[in-house]
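[1] could you look at this predicted model? Sequence included:
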Amino acid sequence: MRVVLVVPGGVDQPGSDRVIPFIHDLIQRLAVENTVTIIAIGHNPEPGEWTLYDCDVINVSIGNHSRSDVLRAVREAVRIAGRGGRACRPDVVHGLWAGVTGLAAAAIGRRYRVPSVVTLCGGELAAIPEIGYGGGLTGGGKLLARTALRLPTATTAATEWMRAHAAATGAPIDELIPLGADRARFLPAAAPATGAHIVQVASLNAVKDQYLALNAFAIVLAARPDATLTLAGVDTMHGKHSSLAEALGIANAVRFVGFVQPDDLCELYQSAAVHLNTSWHDAGPLAVVEAALCGVCTVGTRVGHVSDFASLPEPAAVAVDHNAQAVAAGVLRLLNDSTARAAIAERAHAWASLHNADATAAAFETLYRRLAARSSRASAAANGESPRRNT
């Protein structure tokens, strides 16, 4: 098939810190048997073209994200998708995130009468005034997300939690396709880690809420003086978290290691007794799945995979309320009960192994082919009319 992926970025070469691993994993796998073209809207400030895993990447600049910028970027994406004439047009187009990229994917689908898929990947519908986060905080953001989810042939999300979150805003999701991690990269250690090392892998920003992680860890450290915490991720808040660690008197037990290359993350996860997720909002945090593949269970707030795992008949994570006392209690429970920790980690590993990056690509490819076949039948029956949403 000829597949067009529309993404907001994350498509630098491997080794860059401007990589979104699940996007790389998806491109790499889809490209084995399909012709994949990537349109990146806003990856770089200026237009440009390069290749990634032998696939063409075309960057479209987005400017200041004004209404005119959005419309221009969408029009440019539609033009690019049609380059080479009818013979080179896509069989299916897939937008990751229900924002400008999702809107562009839907527009490409309608323009060339091919199926379109949009995946709800983040805070497009969220509204968290405490930190000023989410597309749902503004009228324009709401309109953009809802339009991007209304126009495509099918919509997907990675977790049941995200599907429920979308439904609560009036945006039903058609398919649940988890975003898995690479089993060849993330492996369990020969033996589970001992001690009380806690790891959190996430960019240091407001929505991931490392302030909560540090306040909770201060409580943990008072009960377990042997505990240590490693925070791995790009610091977007200019040292504010390290300042908080100093103020809390826990700096000697906390490491800030910055961005860690995907190939080096496995060793970090394997060193941990517990993985921590303290997000205000998280559609499907890949770190939870990566940690699970490495044999490490997660304690976290009730979002994304943490919520889904904790809701299984036999829980595969510990989900807690969004406050320091609750997070600390969840962490201490597992640090002090190695038997429960091992059982939860084993269940998490089983789920993550089944829903790995290969399974993600296969599920999307199956969806693409099903939609393309349905579109072909509908077009033939309706004398070439564009496919209509079957929901």
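    In hand now; what should we look at?
[2] distance of the residue nearest to residue 326 when sequence neighbours are not counted from residue 297?
    Leaving aside its chain neighbours, residue 326 sits nearest to residue 320 (4.1 Å; criterion: C-beta to C-beta, 6 or more residues apart in numbering). In this view, the C-beta of every residue, glycine as well, is placed from N, C-alpha and C. According to C-beta to C-beta, to the nearest Å, residue 320 and residue 297 sit 13 Å apart.
[3] and residue 169, what does it touch?
    125, 136, 146 (C-beta atoms under 8 Å, 6 or more residues apart in numbering).
[4] over to residue 348?
    Taking C-beta under 8 Å, 6+ apart, we find residue 348 in contact with 288, 291-292, 296-298, 309, 316-317.
[5] surely residue 8 and residue 39 touch.
    No. If you go by C-beta atoms under 8 Å, residue 8 and residue 39 don't touch, sitting 10.3 Å apart.
[6] who has more neighbours out of these two?
    residue 39 (27 against 21; other C-beta atoms under 10 Å).
[7] all strands of this protein, in order?
    For the chain, strands defined by DSSP state E occupy the ranges 2-7, 35-41, 48-52, 55-60, 92-96, 116-120, 154-157, 175-176, 197-201, 228-232, 254-258, 274-277, 298-301, 318-320.
[8] turn those into TSV, including mean pLDDT and distance to residue 211.
    Below are those laid out as TSV (pLDDT from 0 to 100; distance: least, C-beta to C-beta, whole Å):
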stretch	mean pLDDT	distance to residue 211
strand 2-7	98	30
strand 35-41	98	31
strand 48-52	97	35
strand 55-60	98	34
strand 92-96	98	28
strand 116-120	98	26
strand 154-157	98	27
strand 175-176	96	31
strand 197-201	98	12
strand 228-232	98	11
strand 254-258	98	13
strand 274-277	98	13
strand 298-301	98	13
strand 318-320	98	16
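[9] quick one: contacts for residue 235?
    With contact taken as C-beta under 8 Å, 6+ apart, residue 235 is in contact with 203-204, 241, 256, 258.
[10] cool, and residue 54?
    Neighbour list for residue 54: residue 31 [criterion: C-beta under 8 Å, 6+ apart].
[11] find me the pLDDT at it, would you?
    The model reports residue 54 with a pLDDT of 97.
[12] against residue 73, how distant is it?
    The gap separating residue 54 from residue 73 is 25 Å, by C-beta to C-beta.
[13] now do residue 80
    Taking C-beta to C-beta, one finds residue 80 at 10 Å from residue 73.
[14] give me the common contacts of those two.
    With C-beta under 8 Å, 6+ apart as the test, residue 80 and residue 73 both reach residue 60.
[15] low-confidence ranges, the protein, go.
    376-391 (pLDDT under 70).
[16] now the helices for it?
    For the chain, the helices defined by DSSP state H cover 21-30, 67-81, 100-112, 139-150, 160-168, 210-223, 240-248, 262-270, 286-293, 304-310, 324-335, 338-354, 357-381.
[17] the last one packs against which elements?
    Contact partners of helix 357-381 among helices and strands, from 3 or more C-beta pairs under 8 Å, 6 or more residues apart in numbering; DSSP states H and E: helix 21-30, strand 92-96, strand 116-120, strand 154-157.
[18] may I see the buried residues of that helix?
    For helix 357-381, the neighbour count (16 or more other C-beta atoms under 10 Å) marks 357, 359-361, 363-365, 367-368, 371-372, 375, 378 as buried.
[19] over to stretch 145-158?
    By 16+ other C-beta under 10 Å, the buried positions in stretch 145-158 come out as 145-146, 148-158.
[20] going by distance to residue 106, which of those wins?
    Within the buried residues of stretch 145-158, the smallest distance to residue 106 is 3.7 Å, found for residue 151 (C-beta to C-beta).
[21] so that closest one sits right up against residue 111, yeah?
    No. Using C-beta under 8 Å, residue 151 is not in contact with residue 111; the gap is 11.5 Å.
[22] shared neighbours of these two, which are they?
    What both residue 151 and residue 111 touch, as defined by C-beta under 8 Å, 6+ apart, is an empty set.
[23] residues in contact with residue 124?
    Neighbour list for residue 124: 97-99, 102, 134-136, 141, 144-145, 148 [criterion: C-beta under 8 Å, 6+ apart].
[24] want to try JSON lines for these, with distance to residue 186 as columns?
    Below are the contacts of residue 124 laid out as JSON lines (distance: C-beta to C-beta, whole Å):
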{"residue": "97", "distance to residue 186": "24"}
{"residue": "98", "distance to residue 186": "28"}
{"residue": "99", "distance to residue 186": "29"}
{"residue": "102", "distance to residue 186": "28"}
{"residue": "134", "distance to residue 186": "30"}
{"residue": "135", "distance to residue 186": "30"}
{"residue": "136", "distance to residue 186": "33"}
{"residue": "141", "distance to residue 186": "34"}
{"residue": "144", "distance to residue 186": "34"}
{"residue": "145", "distance to residue 186": "31"}
{"residue": "148", "distance to residue 186": "31"}
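[25] show the buried residues in those residues.
    Here, 16+ other C-beta under 10 Å leaves 97-99, 102, 134-136, 141, 144-145, 148 buried among those.
[26] with respect to residue 225, which of those is nearest?
    residue 134 (38.3 Å).
[27] quick one: contacts for the closest one?
    123-128, 141, 281.
[28] fine by me, we can end here.
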